[in-house]
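Chemist: okay, predicted coordinates and the sequence, questions at the end:
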Amino acid sequence: MTTLVSTTDTVTRDALAVLQPGFTGTDAPDWLLRRVGEGLASVGLFGRNIHSPEQLAALTARLRAERDDVLVAIDEEGGDVTRLEVRSGSSFPGNLALGAVDDVDLTRAVARELGRRLAECGVNLNWAPSADVNSDPGNPVIGVRSFGADTGLVARHTAAYVEGLQAAGVAACTKHFPGHGDTAVDSHHSLPRIDVDLDTLHARELVPFRAAIAAGSKSVMSAHILLPALDPTRPATLSPRILTGLLRKELGYDGLIVTDGMEMEAIAGTYGIERGSVLAIAAGADAICVGGGLADEDTVLRLRDALVAAVRTGELPEERLADAAARVRALASWTQRARGAASEPGADMQEGTAPGAGAGVGLVAARRAVTVTGTSEPLREPAYVAAFTPVANIAVGDETPWGLAAELARILPGTETDTYRSGSPSPAAEVLRAAGERRIVAVVRDAHRHVWMSEALDAVLAVRPDTIVVEMGLPVAPPRGVLHIATHGAARVCGVAAAEAITGTPS
């Protein structure tokens, strides 16, 4: 454990204030509470920290006993990326489903209800929404996390999401600036590069961020991506040209700038987290997100000391660190005021609220997002569900269940399922053998991105053309099967909606 500096001087408190670390366990460890008392202004939560709403509320209350205005952040996009319901699947469809419906009142209502649940648990900063325009259908990390590939659609739903979330007293964090949609590389693993010209960036990537800024997004998250048209040498998170020149000066954004996770390989594997954090603050970032993979006191102290040392040597202007810390504290103050305003009588009423808004709005949205191609009599007998399962990207994680087997089995008891993955020997033959005479429901996720999955599906359909196909990822591949259902996401409610469509029976 490092002891480079005292923990009482102003610079050290500012260095602690700009960190958004994670931790392990479902209770706040002593070291975290101690650092909150010393000036740490934010804490990041992940699935590992949550097992129930009641436990989460107790955890956030304990943090606020140390510092009433602490920012408690979470990566709760809904849909495929959920921390509140990491072990059961989300009660809300993700962005692609909302974009497919294209009803901004519905998007606003979904975000409002999601924000209400977060606020009820004491969470006041959500690292969402994704404002990325998913212009590359092969994108391995965004996909259904985007509202879609149409710039205007993404812009209007990003704004509606920001408005809904913040109406519940939870600060939005629009990401991943200046746009992660046109990448073929996951920045969790390496540094993506987007080689498009400035005109394209302004006409496509930046439009949703302009909309989010106009809607009052309280924070924006930077992307670990290289855009040579803006800065040929540094990724956005570390680029003064992008964070200060473009976001602050050109777009006029005055809120909090948060980095994406600094432990991601795009930064950690190239600059290291200490050096990367100093460069990020110097470039114009105000808060350092770290803790998805690094979640201990030593990480916090290493980053604190790196920032203090950079100020002492003159590499990082003290005024820049102080400005960053002041923006963190200003957002914390807003969340306190917003928490009070959101709890006032009548605060849950708003103009343009979608029909079905409230606790069940997630299922309403998931049902509306389903698209069906082909015809088939409603399924009335137990089926066999073959789940063709790709490797989950890190943002989604592999803890969260997906699919529709459990939902279908509730309607049709006796329904069975098996999982098939890349490298499975003769998956089609195995599916046909296991199914026997039962109707096959083949569930896929981004079939267009996985050759093995598409080939296995074709082989099953060649023998069993009556197979029902459910695509729970990006519906790019042509519809196949006697009945093809696209859910536009793999949240639990998307599985419920698909099971209802197959059986013609509301759950």
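Modeler: In hand now; what should we look at? Numbers count the residues shown, from 1 in each chain.
Chemist: quick check: most distant residue from the centroid of this protein.
Modeler: When each C-alpha in the chain is compared with the mean C-alpha position (Cα atoms, centre = their mean), residue 437 comes out farthest, at 40.3 Å.
Chemist: shaky segments in the stretch 151-300 of the chain?
Modeler: 184-190, 293-294 (pLDDT under 70).
Chemist: so what's the residue farthest from the centre of the chain scoring on pLDDT?
Modeler: Looking at residue 437, its pLDDT stands at 95.
Chemist: ok, residue 47 - contacts?
Modeler: Contact analysis of residue 47 by Cβ atoms under 8 Å, 6 or more residues apart in numbering lists 82, 83, 86, 87, 397, 399, 400. The C-beta positions use only the backbone N, C-alpha and C, and glycine is treated the same way.
Chemist: Three-state assignment for the residue farthest from the centre of the chain, please.
Modeler: Secondary structure assignment for residue 437 (DSSP: H, G, I helix; E, B strand; the rest coil): coil.
Chemist: any idea how far it is from residue 382?
Modeler: 11 Å (Cβ to Cβ, to the nearest Å).
Chemist: got it, and residue 155?
Modeler: 45 Å.
Chemist: between those two, which one's more packed in?
Modeler: Comparing residue 155 with residue 382 by other Cβ atoms under 10 Å, the one with more neighbours is residue 155, at 22 against 15.
Chemist: name the element that one belongs to?
Modeler: helix 151-167 (DSSP states H and E).
Chemist: looking at this, residue 386 is in a helix?
Modeler: No - if the criterion is three-state DSSP, then residue 386 is strand and not within a helix.
Chemist: where does the residue lying closest to it once chain neighbours are set aside land on pLDDT?
Modeler: Spatial nearest neighbour of residue 386, excluding adjacent residues (Cβ to Cβ, 6 or more residues apart in numbering): residue 431 at 4.4 Å. As predicted, residue 431 sits at a pLDDT of 97.
Chemist: ramachandran coordinates for residue 428?
Modeler: phi -60, psi -50 (degrees, to the nearest 10).
Chemist: contacts only, for it.
Modeler: Neighbouring residues of residue 428 by Cβ under 8 Å, 6+ apart: 455, 456, 457, 459, 460, 463.
Chemist: if you set the cut-off to 6 Å instead, what comes out?
Modeler: Taking Cβ atoms under 6 Å, 6 or more residues apart in numbering, we find residue 428 in contact with 456, 459, 460.
Chemist: try residue 209
Modeler: Residue 209 touches 131, 177, counting by Cβ under 6 Å, 6+ apart.
Chemist: the same query, at a cut-off of 7 Å, please.
Modeler: Neighbouring residues of residue 209 by Cβ atoms under 7 Å, 6 or more residues apart in numbering: 131, 174, 177, 178, 220, 251.
Chemist: wouldn't the second one be in contact with residue 162 here?
Modeler: Just to be clear, that refers to residue 174. Yes - using Cβ atoms under 7 Å, residue 174 is in contact with residue 162, at 6.4 Å.
Chemist: overlap in contacts, those two.
Modeler: 129, 212, 217.
Chemist: who wins for neighbours among the residues you listed?
Modeler: Busiest of the shared contacts of residue 174 and residue 162 [other Cβ under 10 Å] is residue 129, holding 32 neighbours.
Chemist: residues contacting the closest residue to residue 171 other than its chain neighbours?
Modeler: Nearest residue to residue 171, sequence neighbours excluded (Cβ to Cβ, 6+ apart): residue 218, at 3.9 Å. Residues in contact with residue 218 (Cβ under 7 Å, 6+ apart) are 166, 171, 172, 255, 256, 331, 334.
Chemist: and the furthest pair within these?
Modeler: Pairwise distances across those (Cβ to Cβ) peak at 13.0 Å, for the pair 166 and 256.
Chemist: higher neighbour count, these two?
Modeler: Using other Cβ under 10 Å as the criterion, residue 166 and residue 256 rank with residue 256 on top: 27 against 23.
Chemist: that one pairs with what?
Modeler: residue 219 (DSSP bridges).
Chemist: how much space is there between it and residue 18?
Modeler: Counting by Cβ to Cβ - residue 256 and residue 18 are separated by 10 Å.
Chemist: so what sits against both of those two?
Modeler: Residues touching both residue 256 and residue 18 (Cβ under 7 Å, 6+ apart) are 286, 287, 328.
Chemist: count the residues that sit near the first one.
Modeler: Which is residue 286. Counted with other Cβ under 10 Å, the neighbours of residue 286 add up to 26.
Chemist: what of the second one?
Modeler: Here the number of neighbours of residue 287 (other Cβ under 10 Å) works out to 29.
Chemist: quick check, it in contact with residue 17.
Modeler: No - using Cβ under 7 Å, residue 287 is not in contact with residue 17, being 8.6 Å away.
Chemist: could you tell me which residues touch both of the two?
Modeler: Contacts common to residue 287 and residue 17, judged by Cβ under 7 Å, 6+ apart, are residue 328.
Chemist: is residue 207 located within a strand, as I assumed?
Modeler: No - Residue 207: not assigned to a strand; according to three-state DSSP it is helix.
Chemist: now, among the shared contacts of residue 256 and residue 18, which is nearest to residue 70?
Modeler: residue 328 (10.4 Å).
Chemist: what sits against that closest one?
Modeler: Residue 328 neighbours (Cβ under 7 Å, 6+ apart): 17, 18, 41, 42, 256, 286, 287.
Chemist: would you agree it falls within a strand?
Modeler: No - applying three-state DSSP, one finds residue 328 to be helix, outside a strand.
Chemist: quick one, grab the pLDDT at it.
Modeler: 98.
Chemist: same check, this time on the one 5 residues further on
Modeler: At residue 333, the pLDDT value in this model is 96.
Chemist: do a quick rundown of the strands in the stretch 301-450 of the chain.
Modeler: 371-374, 384-388, 416-420, 440-444 (DSSP state E, counting those that start in this stretch).
Chemist: now the ones you listed as JSON lines including mean neighbour count?
Modeler: Putting the strands of the stretch 301-450 of the chain into JSON lines (neighbours: other Cβ atoms under 10 Å) gives the following:
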{"stretch": "strand 371-374", "mean neighbour count": "14"}
{"stretch": "strand 384-388", "mean neighbour count": "24"}
{"stretch": "strand 416-420", "mean neighbour count": "17"}
{"stretch": "strand 440-444", "mean neighbour count": "26"}
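Chemist: so can I have TSV of these showing mean pLDDT and distance to residue 96?
Modeler: Converted to TSV, those look like this (pLDDT from 0 to 100; distance: least, Cβ to Cβ, whole Å):
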stretch	mean pLDDT	distance to residue 96
strand 371-374	96	12
strand 384-388	97	19
strand 416-420	95	23
strand 440-444	98	15
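Chemist: so which of these gets nearest residue 306?
Modeler: strand 416-420 (43.4 Å).
Chemist: which other residues reach that closest one?
Modeler: Strand 416-420 is touched from outside by 384, 385, 386, 387, 388, 389, 405, 427, 431, 434, 456, with contacts defined as Cβ under 7 Å, 6+ apart.
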